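>>> this is a predicted model, with the sequence first.
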Amino acid sequence: MSEALDPTPYDALLLLSFGGPEGPDDVVPFLENVTRGRGIPKERLKEVGQHYFLFGGVSPINDQNRTLLDALRKDFAVHGLDLPVYWGNRNWAPYLTDTLRELVRDGRRRVLVLATSAYASYSGCRQYREDLAAALATLRDEGLDVPRVDKLRHYFNHPGFVRPMIDGVLKSLADLPEDVRDGAHLAFTTHSIPTSAADTSGPVEAHGDGGAYVRQHLDVARLVAAAVREETGVDRPWQLVYQSRSGAPHIPWLEPDICDHLEERHAAGAPAVVMVPIGFVSDHMEVLYDLDTEATAKAAELGLPVRRSATVGADPRFTATVRELVLERAATESGRALTPCALGALGPSHDLCPVGCCPARTPKPAAAGADSPYA
Ligand SMILES: CC1=C(CCC(=O)O)c2cc3nc(cc4[nH]c(cc5[nH]c(cc1n2)c(C)c5CCC(=O)O)c(CCC(=O)O)c4C)C(CCC(=O)O)=C3C
Ligand SMILES: [Fe+2]
């Protein structure tokens, strides 16, 4: 065991995730939780319900979080970081509010949050902060003394997040038939969001001009493509594309969709495509259905060989990154200077979301930011 690491002032890490159904009876109530007040068309909900039923009503996301939780605890123990790790979800059990209540009962006063979402945007950041604020409000109404909650900075450009993705692409390329390997194109994919949300993602200075969401993904795509070029000696065409569009058809969302992109690449003569889900932290339903099922069927129909590269999941480099980010933030909060680590052109993300960062359509209180109503 190495020398003990000091997480002061923090006394807990909270793994905060999306949550997913764990059986057929969970699917409809889960979708109701996700879409409450979000104006998603009924037809779309029926369709998404079918994606889950195709997999027995079970999303893999909860098991993936159990695995990550376990890996984080082991990593912390091995490295002498004495910090308990809790897990709560926004949309399914274990619910965030219940986990926070447990934290309070255990006497935790300063909680650091790791969200399973690496980039800026309303859906990927502020919505997590809003749900934290709502959970804290519930506990306060119950008469509990609420803990102080901070959120780890965005880790999209941290080497421990990017390097496993590079390895994943190399592995997918190696898995393609040799005659199409060098000609393969790379399709970096992420969740589509309304263009209005993309334009206002990140701090106010990043609004307009495309917003932080697209810029951050482009930076990661560029990094991965460059590393793959370096490693294989082949310069492959690449593009950032989108998946999992939701919402009403008349509202503009980020495009092109991965399926349209595969069609377009095929027509342009691409001999193969590797789909690289840089927008996601684990191989959850968006990856399993939208890429491995729908887009892969589309490619088969076109006669286009495709592979889908792995997400980071519980890669040891990622758990090490979480440990480093915890220690980095603990040092900052204790007034000790530390050089934050980041690859690419954008530099390390802010620790504290400033006022106006990733605004909601309808303003709601959000915790763990400069505009938090909680200390
Ligand atoms: C940016 C982003 C991420 C990445 C960041 C992050 O990871 O948080 C993400 C992740 C996820 N999204 C997920 C599931 C769903 N997302 C939906 C709907 C929506 N997502 C949106 C955005 C994002 N979503 C948006 C703008 C909507 C429209 C409704 C609204 O404006 O709020 C719907 C409703 C049905 C539909 O229309 O698809 C479902 C079921 C799951 C769980 C998967 C599993 O079960 O394994 C995960 C990890
Ligand atoms: Fe989503």
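Received it, and whenever you're ready, just let me know what you need. Ligands and ions are numbered 1, 2, ... in the order given.
>>> mind listing residues that contact the top helix by length along the chain?
Determined from DSSP state H, the single longest helix within the chain is helix 211-232. By CB atoms under 8 Å, 6 or more residues apart in numbering, the list of residues contacting helix 211-232 from outside reads 119-121, 124, 154, 156-157, 162, 165-166, 169-170, 173, 182, 186, 188, 190, 193, 197-203, 206, 235-236, 238, 240, 254, 276, 278-279, 343-346. All C-beta spots, glycine's among them, are computed from the backbone N, C-alpha and C.
>>> ok, it near ligand 1 or not?
No: between helix 211-232 and ligand 1, judged by CB under 6 Å from any ligand atom, nothing touches; the nearest distance is 7.8 Å.
>>> what's the distance between that helix and the middle of its chain?
Between the mean C-alpha location of helix 211-232 and the chain-wide mean there is a distance of 16 Å, by CA atoms, centre = their mean, to the nearest Å.
>>> same for the next helix or strand after that helix, what does it pack against?
If you walk from helix 211-232 toward the C-terminus, the next helix or strand you reach (DSSP states H and E) is strand 238-243. In terms of contacts (3 or more CB pairs under 8 Å, 6 or more residues apart in numbering; DSSP states H and E), strand 238-243 is packed against strand 185-191, helix 211-232, helix 258-267.
>>> can you redo these as TSV with mean neighbour count?
Supplementary listing: the helices and strands packed on strand 238-243 in TSV, determined by neighbours: other CB atoms under 10 Å:
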stretch	mean neighbour count
strand 185-191	25
helix 211-232	20
helix 258-267	19
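>>> would you mind giving those as CSV with mean pLDDT and distance to D292 added?
Output for the helices and strands packed on strand 238-243, formatted as CSV (pLDDT from 0 to 100; distance: least, CB to CB, whole Å):
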stretch, mean pLDDT, distance to D292
strand 185-191, 98, 12
helix 211-232, 98, 19
helix 258-267, 98, 11
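>>> and T319, which of those is closest to it?
Proximity to T319 (CB to CB) singles out helix 211-232 among these, at 19.3 Å.
>>> can you state the direction angle for that closest one and strand 185-191?
Computed with axes from the mean of the first three to the mean of the last three CA atoms, to 10 degrees, the direction of helix 211-232 lies at 150 degrees from that of strand 185-191.
>>> so helix 211-232 versus strand 238-243, what angle?
Going by the same axes, to 10 degrees, helix 211-232 is angled at 130 degrees with respect to strand 238-243.
>>> stretch 83-93: which residues count as buried?
L83, V85, Y86, W87, G88, N89, R90, N91, W92 (16 or more other CB atoms under 10 Å).
>>> OK, contacts around L96?
Under the criterion of CB under 8 Å, 6+ apart, the contact partners of L96 comprise L16, G88, N89, R90, D131, L132, A135.
>>> now it: closest residue in space that isn't a chain neighbour?
Across the structure, with CB to CB, 6 or more residues apart in numbering as the measure, the residue nearest L96 apart from its sequence neighbours is G88 (3.9 Å).
>>> thinking again about what came up before, take the buried residues of stretch 83-93 and keep only those in strands.
Using DSSP state E, V85, Y86, W87, G88, N89 are the members of the buried residues of stretch 83-93 that sit in strands.
>>> follow-up on the earlier one: does the residue nearest to L96 really touch P94, like I thought?
Yes: counting by CB atoms under 8 Å, G88 does reach P94; the two are 5.5 Å apart.
>>> residue contacts, the residue sitting furthest away from the middle of the chain?
Most distant from the centre of the chain: D179, at 34.0 Å, with distances by CA atoms, centre = their mean. Contact partners of D179, counting by CB under 8 Å, 6+ apart, are P271.
>>> mind checking the SS state of it?
Classification of D179 using DSSP: H, G, I helix; E, B strand; the rest coil returns helix.
>>> from here on, call the first residue 50.
All set: I'll call the first residue 50, so the last point we hit is now D228.
>>> hmm, D306 is touching S241, no?
Yes: between D306 and S241 there is a contact under CB under 8 Å: 7.1 Å.
>>> pull up the overlap in contacts between those two.
Contacts common to D306 and S241, judged by CB under 8 Å, 6+ apart, are Y291, Q292, R294.
>>> quick check: which of those are also close to ligand 1?
Restricting the shared contacts of D306 and S241 to those near ligand 1 - CB under 6 Å from any ligand atom - leaves none.
>>> most neighbours, which of the residues you listed?
The residue in those with the most neighbours, by other CB atoms under 10 Å, is Q292 (25 neighbours).
>>> is it true that that one touches T239?
Yes: applying CB under 8 Å as the test, Q292 and T239 come out as touching, 7.3 Å apart.
>>> how far away is S172 from A409?
In this structure, S172 and A409 are 10 Å apart, going by CB to CB, to the nearest Å.
>>> host element of L374?
helix 365-382.
>>> show me what that helix packs onto, helices and strands only.
Using 3+ CB pairs under 8 Å, 6+ apart as the contact test, the elements touching helix 365-382 are helix 110-127, strand 159-164, helix 208-224.
>>> apply 6 Å and report the result again.
Counting contacts by 3 or more CB pairs under 6 Å, 6 or more residues apart in numbering; DSSP states H and E, helix 365-382 packs against helix 110-127, helix 208-224.
>>> out of those helices, deepest packed?
Of all the helices and strands packed on helix 365-382, helix 208-224 has the most neighbours on average by mean count of other CB atoms under 10 Å, namely a mean of 19.
>>> that helix near ligand 1 anywhere?
No: contact of helix 208-224 with ligand 1 (CB under 6 Å from any ligand atom) is absent, the minimum separation being 13.2 Å.
>>> could you do stretch 327-342 as well?
Yes: using CB under 6 Å from any ligand atom, stretch 327-342 reaches ligand 1 at G328, H333, M334, E335.
>>> where does the protein have low pLDDT?
Judged by pLDDT under 70, the chain has its weakly predicted residues at 50-52, 424.
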